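Chemist: Task: produce atomic coordinates for the following.
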Amino acid sequence: MIVDHLADDQQLNALFSEMDPFVEATRTGGDDFTGRTTRRTGGLLARSATAQQFVMNSSVLSTCDAVLGHVANYQLHLIQIIDIGPHSPAQAIHRDQWAFDFFPFPTGYDVQCNTIWAGDDFTEENGATRIVVGSNHLEDGLRFDIGDTVPAEMERGSVLLYNGAVYHGGGENKTDRHRRGINITYNVAFLRQEETST
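Modeler: Residues are numbered from 1 along each chain as shown. Sure, this is the predicted structure:
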């Protein structure tokens, strides 16, 4: 699901102004999955006062309440800026819940509620996140390629919400410009937070 213009330019400009020095200091990925020209910068709550506005957005938390309402509580799992560099190839299609050592959660049992905020316009040309529509209802361990996906195109300040079972991946950035997204994910509280492991 995409919600248009949930953040305004002032919020985004403030966040990136606070975070740009840390993004610039971040090394690019060391493999094809993390992206050899992609920077993933975490620790936003410790580095940016504005980040709290994104983490605590009432519309996002209401969605998390609905998606993860079958457990007593949930927690922040990960918050990072994903800066896909120019001419970056597409990321392999995956499920975010595979972060938990590929544990086979039962189909239909949600353990994550995830967001990707568009720090820039997301277009097919600049690497918009690609989604296998309806894949949260499919079994685990499937393989997909880019031809099985559609781009989650959205304007700056909009947010894509999806659960951890959705097969997806970062698209190919065919442009000469960086494409920035803010990835904030929440998980059920009995699972480890990825943010604390870095």
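
Chemist: and the residue of the chain most remote from its centre, how far is that from Gly42?
Modeler: Residue farthest from the centre of the chain, counting by C-alpha atoms, centre = their mean, is Ala72 at 23.9 Å. As judged by C-beta to C-beta, to the nearest Å, Ala72 and Gly42 stand 26 Å apart. Backbone N, C-alpha and C define where each C-beta goes, glycine included.

Chemist: do Cys64 as well
Modeler: 19 Å.

Chemist: who has more neighbours, those two?
Modeler: It is Cys64, of Cys64 and Gly42, that has more neighbours when counted by other C-beta atoms under 10 Å, with 23 against 18.

Chemist: Contacts only, for that one.
Modeler: For Cys64, the contacting residues are Tyr74, Cys113, Tyr186, by C-beta atoms under 8 Å, 6 or more residues apart in numbering.

Chemist: Output the below-cut-off pLDDT ranges for this protein.
Modeler: Low-confidence segments of the chain, defined by pLDDT under 70: 197-198.

Chemist: Okay, buried residues for the top helix by length along the chain please.
Modeler: Secondary structure of the chain per DSSP state H: the longest helix is helix 9-25. For helix 9-25, a neighbour-count test (16 or more other C-beta atoms under 10 Å) marks Gln11, Leu12, Leu15, Phe16, Met19, Phe22, Val23 as buried.
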